[in-house]
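**Q** I'll drop the sequence and a predicted model, then ask my questions.
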Amino acid sequence: MSMAPKKMILIVCDGLSDRPVKELAMKTPLQAARKPAMDALARNGVSGTMDVIGPGIVPGSDTAHLALFGYDPHKVYTGRGPIEAVGVGLEMRKGDVAFRCNFATVDRSMKVTDRRAGRIRSGTSELAKAISGIRIDGVTALFREGSEHRGALVLRGQGLDHRVSDVDPHRESKILDSKPLVPEARKTADALNEYVRKAASILAKHPVNEDRIRKGLPPANIVLPRGAGTINALEPLSERYGINCAAVAGVSLVKGICRMVGMTVPDVAGATGGVDTDYNAKARAALRLMNTNDFVFINVKAGDIAGHDGDFRLKVRVVESIDMMLELILKDLKEDVVVALTCDHSTPVSVREHSADPVPIAICGGGARIDGVKEFDEVSAASGALGRLRGMDLLPTLLGVADRAKKFGA
Ligand code: ZN
Ligand code: ZN
């Protein structure tokens, strides 16, 4: 007899894991916060810690999520461009090369005077349309705006190669000429440089920018591509594990990864990817997606933002908000579901950046064992029965607990 397969929910608290904080009497924000739902999850399940990519490796959110979905980031990650492109809704085809871009401001000598064009908030969709679809030497350049000054560029054509350097100088100086890093990438670098020049001449005369200049705002008169990458075919989760997957996420980077691995990613009103995100809306969306999917993934970005801001008070509040969201989800589950709670990396408030510190994980429901861990935090989790995992082992572990693992051998 075999048990009926269970559905699975994975909640990733972006950057929530932390280090001891002096102002919190050497507790971490997770240890200092009131979080009854998270603690109940730990108490009724099995805990452990996780090196999301590997010991001593500081994960980016993109590589971390690839690992959490069971892919080896060292094999499939070629740069952030493709993830950003898919995140803003551009289609990526085999052979395409994608870039992350900023709308920025340059002076007459092509010196960057503002890398974010005054953190432009409106008009970017019109600007993006005006510079999308440009053709250069058999290469088509597709551009789409992201949030604020961000955007993505996809170059499509024969014989492209992603091994080119950035146009973005990454500081306020003259824009760079993209250079081929291997001889085969000459055509791509040339097309990219030509695109940036053509786009600049269109942007200079665009009504949105004329209007900004009249208002004394820096015009978005250049795009600065960086992070070139190509897509390596990712076998979708549905084919790999036979599961239907959906995601609730606010930030385009995470949405992009979810789409790349074949998840359905609906736009959820109020799920912003900021600290003001609507936690109730996220919980409701996740519950709705549970009806038609085997695996629902939720990313909450706010903890990472508090970490980068070095704001331990905000981080404690984020823990408590996520706890409310978790409570809403747990209370409304109609059946036995495997629920896992973890982080994609630590973003300690004392560091203000991601760190290599392992993250806590708790799994309950399905066949999960119940160990003696009673709280969800970095230290309590370390004494749990899961021990120390690698991020890539998480999804196979969940499939096992959910009675979805295949037998190997007789
Ligand atoms: Zn992250
Ligand atoms: Zn971060």
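**A** Nice, I can see it. Numbers count the residues shown, from 1 in each chain. Ligands and ions are numbered 1, 2, ... in the order given.
**Q** Distance across stretch 129-140, terminal residue to terminal residue?
**A** Using CA to CA, to the nearest Å, the end-to-end distance of stretch 129-140 comes to 14 Å.
**Q** With stretch 334-344 instead?
**A** 28 Å.
**Q** Centre of the chain to that stretch, how far?
**A** 19 Å (CA atoms, centre = their mean, to the nearest Å).
**Q** cool, and stretch 294-314?
**A** That offset, for stretch 294-314, works out to 11 Å (CA atoms, centre = their mean).
**Q** just stretch 117-135 next, same as before
**A** 23 Å.
**Q** Need the residue closest to the centroid of the protein.
**A** residue 254 (2.5 Å; CA atoms, centre = their mean).
**Q** Can you check the pLDDT for the residue of the chain found nearest ligand 1?
**A** Relative to ligand 1, the nearest point of the chain is residue 61 (3.0 Å; CB to the ion). Where you see a C-beta, it was placed from the backbone N, CA and C, and this is true even at glycine. We have a pLDDT of 92 for residue 61.
**Q** what about residue 202, which helix or strand?
**A** helix 186-204 (DSSP states H and E).
**Q** For that helix, give me every contacting residue.
**A** Contacts to helix 186-204, defined as CB atoms under 8 Å, 6 or more residues apart in numbering, come from residues 97, 99, 106, 110, 127, 130-131, 134, 136-137, 139, 141, 143, 153, 155, 157, 159-162, 164-165, 167, 175, 177-180, 209, 219-225, 228.
**Q** try 6 Å this time
**A** 97, 130-131, 134, 136, 139, 141, 155, 159-161, 164, 167, 177-180, 221-223 (CB atoms under 6 Å, 6 or more residues apart in numbering).
**Q** what's the next secondary structure element after that helix?
**A** By DSSP H and E, the next helix or strand past helix 186-204 is helix 207-214.
**Q** That following helix vs helix 186-204, what angle?
**A** Compare the direction of helix 207-214 with that of helix 186-204 by axes from the mean of the first three to the mean of the last three CA atoms, to 10 degrees and you get 60 degrees.
**Q** what packs against the following helix or strand past helix 207-214?
**A** Next helix or strand after helix 207-214 toward the C-terminus (DSSP H and E): strand 222-230. When contacts are defined as 3 or more CB pairs under 6 Å, 6 or more residues apart in numbering; DSSP states H and E, strand 222-230 packs onto helix 81-87, strand 97-106.
**Q** what angle do strand 222-230 and helix 186-204 make?
**A** Using the same axes, to 10 degrees: strand 222-230 against helix 186-204 is 150 degrees.
**Q** tally of neighbours for residue 312?
**A** 22 (other CB atoms under 10 Å).
**Q** And for residue 239?
**A** The burial count for residue 239: 10, using other CB under 10 Å.
**Q** Tell me how many other residues crowd the residue nearest to it when sequence neighbours are not counted.
**A** For residue 239, ignoring the flanking residues on the chain, the nearest one in space by CB to CB, 6 or more residues apart in numbering is residue 262 at 7.6 Å. When counting by other CB under 10 Å, one arrives at 17 neighbours for residue 262.
**Q** State the pLDDT value of residue 252.
**A** 84.
**Q** cool, and the one 5 residues further on?
**A** At residue 257 the predicted local confidence, pLDDT, stands at 91.
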